[in-house]
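Visitor: pasting the sequence and the predicted model now:
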Amino acid sequence: QVQLVESGGGWVETGGSLRLSCAASGRTLGNYVLGWFRQAPGKERNIVAARYATSTYYADSVKGRFTISRDRSGNTLYLQMNNMKPEDTAVYYCAAKFRGNNAWEHWGQGTQVTVSS
């Protein structure tokens, strides 16, 4: 089992920055892909960014503004969010999936991010 705990959410003005953290523990985390999702009120949960072994993925809406990173131990995942916009307002979730799997199997509890206009 993999446990994920997010932190760092909060309120920020348009154009501001926030950094989210996700502390991961459990099984050999090197075998897992970690990523960030978000869900705005009344909308589906969508992927924001993912960190693979040799590449990263970003949703078009955040390219050039958000950066996903993982510390050397592989146990902490970050999402640096810059030049934030009101449409970035959502609950942000950290997620993990076993390498090679399609489905994201493990989820954190989520952290609220609010961007005021």
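Guide: Looks like it came in fine.
Visitor: how many neighbouring residues does the spatially closest residue to Gly8 that is not a sequence neighbour have?
Guide: Among residues not flanking Gly8 along the chain, Leu20 sits closest, at 4.3 Å (C-beta to C-beta, 6 or more residues apart in numbering). To be clear about C-beta, it is placed using only N, CA and C from the backbone, and glycine gets the same treatment. By the criterion of other C-beta atoms under 10 Å, Leu20 has 24 neighbours.
Visitor: hmm, Leu79 and Leu20 touching each other?
Guide: Yes - Leu20 lies in contact with Leu79 (C-beta atoms under 8 Å); the separation is 4.3 Å.
Visitor: can you check which residues contact both of those two?
Guide: The contact sets of Leu20 and Leu79 overlap at 36, 92 (C-beta atoms under 8 Å, 6 or more residues apart in numbering).
Visitor: just the pLDDT for the residue nearest to Gly8.
Guide: pLDDT recorded at Leu20 is 98.
Visitor: that one and Gln1, how far apart?
Guide: 22 Å (C-beta to C-beta, to the nearest Å).
Visitor: cool, and Ser17?
Guide: 33 Å.
Visitor: higher neighbour count, those two?
Guide: Under the criterion of other C-beta under 10 Å, the comparison of Ser17 against Gln1 puts Ser17 first, with 11 against 7.
Visitor: tell me the bridge partners for the residue nearest the centre of the chain.
Guide: Residue closest to the average C-alpha location in the chain (C-alpha atoms, centre = their mean): Trp36, at 2.3 Å. Trp36 forms beta bridges with Ala49, Cys94, as assigned by DSSP bridges.
Visitor: who are the contact partners of it?
Guide: 20, 22, 47-50, 68, 77, 79, 92-95.
Visitor: what's the answer for Tyr92, then?
Guide: Listed by C-beta under 8 Å, 6+ apart, the contact partners of Tyr92 are 6, 9, 20, 36-38, 48, 79, 110-113.
Visitor: if we can go back for a sec, from the contacts of Trp36, which single one is nearest Pro86?
Guide: Nearest to Pro86 among the contacts of Trp36, counting by C-beta to C-beta, is Tyr92 at 14.9 Å.
Visitor: run through who's touching stretch 7-25.
Guide: With C-beta under 8 Å, 6+ apart, stretch 7-25 has contacts from 2-6, 32, 34, 36, 74-86, 92, 94, 96, 108, 111-117.
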